[in-house]
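# have a look at this fold, sequence not included:
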């Protein structure tokens, strides 16, 4: 089934929720970057969070998450739109650490200490930027801390990626619950206790639950009401035309140096891994005056 996310309101408007199933999206990212299991889990959690945090963005607006830790992964970058399109990469995709004592992929150890940066480009003169120190490097807890500290919204965030022994992604997804101003005083504790008793989100996805069912389970007696749903997909906006524009911006002298050294100009998109190669004749044509 295609990946989807759903938005909902609950507790008479006191709680906002979003849940997503992102298995195919994360598998696409793994395949493109040939990522090892630990790197796949870290990147997949970040992509899932980006898709859910991007809900509500309008056309042309974007959100970017940068998880910059001092661990062996070397950093994770994910970028998304309000339409559920996400892309991303991890600096060192071959990182794979031993599992933790709980038999979980050691995402926190691979990320290390550092900072989570969130940037929203809303089409204004300057983008909005917020950052918080990484709490654990596990991504979910760090996103929750960002929402509390930078946006003053108490939040519960659950993210997960289950990787099969052959390295492929078996299940991925997550949910975000936010307590809005005016909510009843007992709601934060109710959500914390309820979510604490839930199975891991990857178990729910693996067992066939969709995002609506996951959100219903997480919100329990708060009577969620769906506001809308949509697709989640790995999609990059790179193209040959954009690569040519970059090469032109580098200037004729720099491109001629590349041609002398390598015999061609080659550009690889960090976000999706697509490669673009231009030979001497093609490069020369970029700098030819139009007829």
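Received it, and whenever you're ready, just let me know what you need. The structure presented is a predicted model; accordingly, all values stated were derived computationally and were not measured. Residues are numbered from 1 along each chain as shown.

# quick one, helices of the chain?
Using DSSP state H, the helices of the chain run over residues 23-33, 37-53, 107-111, 140-149, 187-197, 201-206, 211-219, 240-250, 252-262, 280-286.

# please identify the deepest-packed of the ones you listed.
helix 37-53 (a mean of 29; mean count of other CB atoms under 10 Å). From N, CA and C alone the C-beta is placed, and that goes for glycine too.

# and the angle for it with helix 23-33?
Orientation check (axes from the mean of the first three to the mean of the last three CA atoms, to 10 degrees): helix 37-53 against helix 23-33 gives 130 degrees.

# so what's residue 179 closest to, chain neighbours aside?
residue 154 (4.4 Å; CB to CB, 6 or more residues apart in numbering).

# report how many residues lie close to that neighbour.
19 (other CB atoms under 10 Å).

# which one is residue 72 nearest to, not counting chain neighbours?
With sequence-adjacent residues excluded and distances taken as CB to CB, 6+ apart, residue 72 is closest to residue 95, at 4.8 Å.

# distance of that neighbour from residue 129?
27 Å (CB to CB, to the nearest Å).

# these two - which one has more neighbours?
Neighbour totals were compared for residue 95 and residue 129, and residue 95 leads with 22 against 12 (other CB under 10 Å).

# what about that one, distance to residue 71?
Plainly put, residue 95 is 8 Å away from residue 71 if you go by CB to CB.

# quick one: common contacting residues for these two?
Taking CB atoms under 8 Å, 6 or more residues apart in numbering as the criterion, residue 95 and residue 71 both touch residue 110.

# what sits against residue 175?
17-20, 52, 157-158, 201, 211, 214-215, 218.

# whoops, I mixed them up, residue 1
21, 210.

# residue nearest the centroid of this protein?
residue 47 (1.7 Å; CA atoms, centre = their mean).

# for it, give its distance to residue 287.
Using CB to CB, residue 47 is found at 38 Å from residue 287.

# with residue 80 instead?
Residue 80 sits 35 Å away from residue 287, taking CB to CB as the criterion.

# those two - which one has more neighbours?
Neighbour tally, residue 80 and residue 287, criterion other CB under 10 Å: the higher count belongs to residue 80, 26 against 12.

# run through the bridge partners of the more buried one.
Per DSSP bridges, the residues bridged to residue 80 are residue 63, residue 86.

# beta partners for residue 160?
Bridge pairing for residue 160 - DSSP bridges - gives residue 173.

# isn't it right up against residue 199?
No: here residue 160 does not reach residue 199: they are 10.0 Å apart, not a contact under CB atoms under 8 Å.

# show me the protein divided up by domain.
The chain is divided into the following domains under automatic domain parsing: 4-234, 240-286.

# adding mean pLDDT, write these out as a markdown table.
Below are these laid out as a markdown table (pLDDT from 0 to 100):
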| stretch | mean pLDDT |
| --- | --- |
| domain 4-234 | 96 |
| domain 240-286 | 85 |
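
# just give the nearest non-adjacent residue to residue 77, would you?
Of all residues not flanking residue 77 in the chain, residue 66 sits nearest, at 5.4 Å (CB to CB, 6+ apart).
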